[in-house]
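**Student:** show me the folded form of this:
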Amino acid sequence: MTEARLGSTPDDVLWGRLPSRADVPALTVAPGSVVTVDTVSHEGILPDQGQDPLAYFGRHGVDAGDVLADAVDIARTLTRDPADGPHVVSRPIAVAGAQPGDVVSVTILEATPRVPYGVISNRHGRGALPGELPRAEESVSVFADVVRRDGVDHGRLPVVEGGPRTITFPLHPFPGIVGVTPDSDERAHSVPPGPHGGNVDIALLTAGSTLHLPVFVPGAGVYVGDPHFAQGDGEVALTAMEASLRLVLRVDLVQRRTALDRFGELVGPIAETTEYLVPTGMDEDLDEAVRRCVRAAIALLRARWGVDEHIAYAYLSAATDFRISQVVDLVCGAHATIRKADFAEVGA
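**Tutor:** Numbers count the residues shown, from 1 in each chain. Here you go, the predicted structure:
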C-alpha cells in the first residue's frame, strides 16, 4: 500500500468547476493507495462574504492564526466566474489502470476538522423554501463554533442572532463532493451531482464509508471537495455546516467483470457503510430522483444476490428506508439504505 498527499493551495484546486478529461492529474496512484487530501470550505471566501476570510472570520471572533492560509491564498489569487459553483474542488487523482467500464471505490478512512468553526448559509433564493427564506435579498450566513461535550465534538449555534451559543448538535464530518472525471473536455459546474458523483451530499459518507463510482475516462480522475462538519438529510437551508477537513482516502479499482457481479451495470454512485449498501437516484424532480433510486436498488439486489425483481421490490417496501440526500443542488438526490445483514444467509 502506497501513500500520497495532495494539498489545498491554489495550485492544487479548482474553484467552482469539476475536472475535465483535459486536466492533467495532480497525482497518479496505484490501486489500493492511501491518499491524504486537504480540503477548503468555500464559506468565508465567497464574494457575498467579502472574499476575505481573515476579515470575515475575524468579525466572528476567530483569531487570524485559526484561519487557513490556503483559504486566504485561494480567495486572493484564484478567479471564479459568478456563474460557477461555489465549491473548492481538488485537482484530479488518477488511478493507474482504471478504464471506462471499471469502478473506482473511494473509502473515507479519516475526516479530520482543520478549523474549530463552520458556516451554514441560505442564499440566492435557494434551499427548500425559495421565495420564503431568506426574508431579504441579502444572503444569510450563520457562524457556528465547535465545542467538545462528553468526548464528542459538537457544533454550536445561538437561539437568537448575537446571543450566546446554546444550541448544540454532534458533528459527523464528511466530504459533500466525491467524484470521478466526466467524459468531457469542458469542466462541469460544481453544484449538480450526476452519474460521475460530484456534489452528492450524502451524510452517511463519514469515516469508514465508501463511494463506488463508474469510470468514464482513463485513470478515473478522482476528486473531493465541499467539506462538511455536519448535515441533516435534505440540507434544506442550502448548505450544511461547511468547514474545512483533512481527508484520508483509500482508492481501489474494481475491474469491469467483477464490478458487474457486485453492482450490476453501474450507472451512478453507490455508497457503502459497514451496515448498508446505499444506491442513489438523482434528477431535477425529487419524485423522479426517488424513482431512479428505487430502480437502482432493485438492480443492485438482482446483481449482488440474484433476487427476483418482484421480490426485490417487495423487500425494499418492507425493509428499506429511502432518504432525501439533498433538495438544493439543482439536481435533487435520494438514497436507499439496504441492510447487508438481511442477506447474510443468501447463498448459504
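
**Student:** element containing residue 271?
**Tutor:** Assessed by DSSP states H and E, residue 271 sits inside strand 270-272.

**Student:** and the lengthiest helix in the chain, what's buried?
**Tutor:** For the chain, the helix with the greatest residue count under DSSP state H is helix 286-305. Using 16 or more other Cβ atoms under 10 Å as the test for burial, helix 286-305 gives 286, 289-290, 292-294, 296-301, 303-304. For the C-beta atoms, the positions are set from N, CA and C on the backbone; glycine is no exception.

**Student:** among those, which one sits closest to residue 267?
**Tutor:** residue 296 (7.4 Å; Cβ to Cβ).

**Student:** which residues touch the closest residue to that closest one other than its chain neighbours?
**Tutor:** Nearest residue to residue 296, sequence neighbours excluded (Cβ to Cβ, 6 or more residues apart in numbering): residue 279, at 3.9 Å. Under the criterion of Cβ atoms under 8 Å, 6 or more residues apart in numbering, the neighbours of residue 279 are 268, 270, 293, 296, 297, 299, 300, 335, 336, 338.

**Student:** quick one: residue 279 is in a helix?
**Tutor:** No - secondary structure of residue 279 (DSSP: H, G, I helix; E, B strand; the rest coil): strand, not part of a helix.

**Student:** and it, how far from residue 298?
**Tutor:** 9 Å (Cβ to Cβ, to the nearest Å).

**Student:** which stretches of the stretch 201-348 of the chain have low pLDDT?
**Tutor:** Counting by pLDDT under 70, the stretch 201-348 of the chain has low-confidence residues at 348.

**Student:** kindly report the same for the stretch 1-150 of the chain.
**Tutor:** Scanning the stretch 1-150 of the chain with the threshold set as pLDDT under 70 gives 1-2.

**Student:** how does it look with 80?
**Tutor:** Across the stretch 1-150 of the chain, the ranges flagged by pLDDT under 80 are 1-2, 124-125.

**Student:** all strands for it, in order.
**Tutor:** Using DSSP state E, counting those that start in this stretch, the strands of the stretch 1-150 of the chain run over residues 3-6, 13-15, 27-29, 33-38, 88-90, 93-95, 103-113, 117-122, 140-149.

**Student:** of the ones you listed, which is nearest residue 45?
**Tutor:** The nearest among the strands of the stretch 1-150 of the chain, by Cβ to Cβ, is strand 88-90 at 7.7 Å.

**Student:** quick one: residue 168 and residue 155 touch, right?
**Tutor:** Yes - the pair residue 168 / residue 155 is scored as a contact, 6.9 Å apart, by Cβ atoms under 8 Å.

**Student:** okay, those two: which has more neighbours?
**Tutor:** Legend: neighbour count by other Cβ atoms under 10 Å for residue 168 and residue 155, higher for residue 155 (22 against 14).

**Student:** surely that one meets residue 169?
**Tutor:** Yes - counting by Cβ under 8 Å, residue 155 touches residue 169, with 5.3 Å between them.

**Student:** next, show the common contact partners of those two.
**Tutor:** Both residue 155 and residue 169 are contacted by residue 230, under the criterion Cβ under 8 Å, 6+ apart.

**Student:** quick check, residue 253 in a strand?
**Tutor:** Yes - under three-state DSSP, residue 253 falls within a strand.

**Student:** enumerate every residue touching it.
**Tutor:** 31, 32, 95, 97, 98, 102, 103, 104, 105, 220.

**Student:** in PyMOL, how would I select just the buried ones from those residues?
**Tutor:** Under the burial definition 16+ other Cβ under 10 Å, those of those that qualify are selected in PyMOL by:
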select buried, resi 31+95+98+102+103+104+105+220
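
**Student:** please consider this matter closed, and thank you.
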